[in-house]
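K.L.:
compute the structure for the input listed below.
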Amino acid sequence: MIKSLFATDKPARQKASGWLVLIVDDEPQVHEVTRMLLADIQFCGQPVELHSTYSAEAARSFLQRHPETALVLLDVVMETDNAGLQLIHYIRETLANHDVQIVLRTGQPGQAPEQEVIINYDINGYFLKTDITAQRLHSILIAALRAYHYIKSLQKRPLGSHDSRGARTAVTPAQPPATALALSRALQNGALQVQLQAQVELASSQITGVEVFPCWPQQQGGRLTAADLYALANSAGQLALLGECLIQALDTLLQNWHSSGAATPRIALDMSLEMLQTPAFCLP
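P.N.:
Down below sits the predicted model:
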């Protein structure tokens, strides 16, 4: 159940009872429609609690008092033409809050072109208000909460552990959370890689098939899992680009197989419906 809390001047509570989602928009109708479309949604057994502010200035005050906010659904044009963009900078730089998921929803894309905003601002998604259906808004919300939950779970992991004999075993520190900006740059720079999981026939020890997964090496070492990468790409609005990059990587892999003279095994590729609708799959 979603609790409708329109007032923003209440004292900050000690602990949230659910996932805090802040709607920042100067149009009351946007708030009303959002609440209607997100009725009765829960995530991980906890309710989604919607709060409303109608200006970037009011949002600043709210986020100061509620650093545990999981998601901000943010308009661009409010008290000024770039109030929303300035709020992003305030959240990431002044408040140093890099955990909250920020999804831009704009009715005036000319004021903040998608490609420019994705590259230059640390956001986790970009959508036109006219394109958001109930199902898509549900997907945006769940993907953002999943990403936020994942970030928080990483931060709670200990930096070391002990085995049963008391000897200390080193554990790699949790990596800083990946962002939409970093993912967008990685995809454009060809940093996406693929991992193969082989299917082997035991009798002959021959590889009869492979399953292909995307992976993204991190600067601190290690890689994001395919599930985490898909979740981040979904929340960042980058699934289509991820699908195209994955197909390009697979094409290179197939060319290497053919040039080596080896027989090409069966290939399984895990892709979403949105990925399958990208130009990479369109037949001439």
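
K.L.:
what's the longest strand in this protein?
P.N.:
Ranked by residue count and defined by DSSP state E, the top strand of the chain is strand 206-217.

K.L.:
show me what that one packs onto, helices and strands only.
P.N.:
With contacts taken as 3 or more C-beta pairs under 8 Å, 6 or more residues apart in numbering; DSSP states H and E, strand 206-217 sits against strand 193-201, strand 223-224, helix 226-235, helix 239-260, strand 266-269. For the C-beta atoms, the positions are set from N, CA and C on the backbone; glycine is no exception.

K.L.:
so which of these is nearest Leu22?
P.N.:
Of all the helices and strands packed on strand 206-217, the one in closest proximity to Leu22, counting by C-beta to C-beta, is helix 226-235 (15.8 Å).

K.L.:
surely Met78 and Asp26 touch.
P.N.:
Yes. If you go by C-beta atoms under 8 Å, Met78 and Asp26 touch, sitting 4.4 Å apart.

K.L.:
one step back: which one of the helices and strands packed on strand 206-217 is the most hemmed in?
P.N.:
helix 226-235 (a mean of 21; mean count of other C-beta atoms under 10 Å).

K.L.:
which other residues reach that helix?
P.N.:
Counting by C-beta atoms under 8 Å, 6 or more residues apart in numbering, helix 226-235 makes contact with 101, 103, 124-125, 139-140, 143-144, 146-147, 150, 178, 180, 183, 195, 213-216, 224, 238-239, 241-242, 270, 272, all of which sit outside it.

K.L.:
which one of the helices and strands packed on strand 206-217 lies nearest to Glu32?
P.N.:
Among the helices and strands packed on strand 206-217, helix 226-235 sits nearest to Glu32 (C-beta to C-beta), with 24.2 Å.

K.L.:
pLDDT weak spots in the stretch 51-200 of the chain?
P.N.:
Along the stretch 51-200 of the chain, segments meeting pLDDT under 70 span 111, 154, 157-181, 188-190, 200.

K.L.:
now the strands for it?
P.N.:
71-74, 101-106, 125-128, 160-162, 168-170, 193-201 (DSSP state E, counting those that start in this stretch).

K.L.:
turn the ones you listed into a markdown table, including distance to His51.
P.N.:
Listed next are those as a markdown table, based on distance: least, C-beta to C-beta, whole Å:
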| stretch | distance to His51 |
| --- | --- |
| strand 71-74 | 10 |
| strand 101-106 | 15 |
| strand 125-128 | 19 |
| strand 160-162 | 38 |
| strand 168-170 | 42 |
| strand 193-201 | 40 |
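
K.L.:
quick one: closest of those strands to Val30.
P.N.:
Across the strands of the stretch 51-200 of the chain, closest to Val30 is strand 101-106 (C-beta to C-beta), at 7.8 Å.

K.L.:
direction included, what does that closest one pair against?
P.N.:
strand 71-74 (parallel), strand 125-128 (parallel) (DSSP bridges).
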